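Asker: here is my input, please return the structure:
(one chain, ligands or ions: 1)
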Amino acid sequence: MRVKGQAHDLMQMSKSEFQLPTISRRLESIKRYVLDGPGFYLLRGLPISRWSIEEAATAFWGLGLHLGEPCSQNGKGHVLGHVKNLGLDYQDPATRGYQTNARLPYHTDSSDVVGLLCLKTSKSGGLSSIVSSTTLYNEVLKQRPELLANLMRPFYRTRWGEVPEGKQSWAEIPVFMEHRGRIIAHYVRSAIRKGQLLEGVPVLTTEQEEALDFLDELSSDPALHLDMTFEPGDVQLVCNHSTMHSRTAYEDFEQPEDRRHLLRLWLACANGPALPDWMTQSYEGATQDGRPNGILVPGVPLHAPLAAE
Ligand SMILES: [Fe+2]
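Answerer: Below you'll find the model as predicted:
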């Protein structure tokens, strides 16, 4: 992959302007592997040490266009995200985990696929970890089948104040949804917990809490999850419908320019798995291709910032 010069406006860039003749077929099979297979892929070795931030962002964005359509990741309309510790307090109801250095428990992002490009690693910690949500479903079924009914009914989760048109400040969505022969999962425990602070949201029952506790206990089982370290130039792709991800807490280097920094894409993939209406109507809206379209807030234009905001 060769990337030269200053990035032009990424929002205006099309797939045809970023041709990848030698790897486009491989990217297509990687996409199928992520969407319909094991649910994740780690690509190593993007030569980011030779690239400016503009060039790295252009390369990652261009790669993303071959996999799907970038969608908004927050209420600011960011279609290129920056996972970086901004020193915010994770206890604040409006703070998103990616803006902190806290441990992030296993969860799903919104969109078909989340992609991360590692630009800089932390001083210590910050391991990335994934677990198959389909495996979690099967383990609950095997070990505690009485908990499954609760996990397949909707939970109320906050939208972190990032409210799409016509929606409430919370969304109702089950953790596990059976749809056309697959188990589709959506789970952000912190969003369920913070949802409890919103007016109109019913208090979680002890049975619901017990079911979520067991889910978290299962994910923390080393026999079920996979830990990986990121190196600069790594690209991790994860299908949110079948895989949950997590990260350990981390310590940053002193200088702001040396601190852990990942670029993030949320991709809507036109030929992704069939999804229940919970995903594309109740929680998120849908793209023209009927895929989850991230966090669209009225009046907020989409943009691809080159620094964390
Ligand atoms: Fe995430």
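
Asker: contacts and neighbour counts: CA atoms only from here.
Answerer: Noted.

Asker: quick one: the strands in the stretch 151-300 of the chain?
Answerer: Here the stretch 151-300 of the chain has its strands, by DSSP state E, counting those that start in this stretch, at 155-158, 170-173, 176-179, 182-185, 225-228, 235-239, 243-247, 250-251, 261-268.

Asker: out of these, nearest to residue 23?
Answerer: Across the strands of the stretch 151-300 of the chain, residue 23 has its closest neighbour in strand 235-239 (14.7 Å, Cα to Cα).

Asker: check contacts around residue 61.
Answerer: 10, 80, 265 (Cα atoms under 8 Å, 6 or more residues apart in numbering).

Asker: give me the below-cutoff pLDDT ranges for the stretch 1-150 of the chain.
Answerer: Applying pLDDT under 70 to the stretch 1-150 of the chain picks out residues 1-8.

Asker: now with 80, please.
Answerer: Of all residues in the stretch 1-150 of the chain, those with pLDDT under 80 make up the ranges 1-8, 91, 93-94.

Asker: tell me which stretches of it form strands.
Answerer: Assigned by DSSP E, counting those that start in this stretch, the stretch 1-150 of the chain shows strands spanning 40-43, 69-70, 81-83, 104-107, 113-120, 124-125, 128-132.

Asker: just the CA trace of the longest one, in PDB.
Answerer: This file holds the C-alpha atoms of strand 113-120, laid out as PDB (Å, rounded to 0.1, in the frame of the first residue of the first chain):
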ATOM      1  CA  VAL A 113     -17.500  -3.800  12.000                       C
ATOM      2  CA  VAL A 114     -15.200  -1.800  14.200                       C
ATOM      3  CA  GLY A 115     -11.700  -1.300  12.900                       C
ATOM      4  CA  LEU A 116      -8.700   0.000  14.900                       C
ATOM      5  CA  LEU A 117      -5.400   1.200  13.600                       C
ATOM      6  CA  CYS A 118      -2.700   1.400  16.300                       C
ATOM      7  CA  LEU A 119      -0.600   4.500  15.900                       C
ATOM      8  CA  LYS A 120       1.000   4.500  19.400                       C
END
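
Asker: what does the spatially most central residue of the chain show for phi and psi?
Answerer: Nearest to the mean C-alpha position of the chain, by Cα atoms, centre = their mean, lies residue 109 at 3.1 Å. Per-residue torsions, residue 109: phi -90, psi 180 (degrees, to the nearest 10).

Asker: give me whichever of the strands of the stretch 151-300 of the chain is most buried.
Answerer: strand 261-268 (a mean of 26; mean count of other Cα atoms under 10 Å).
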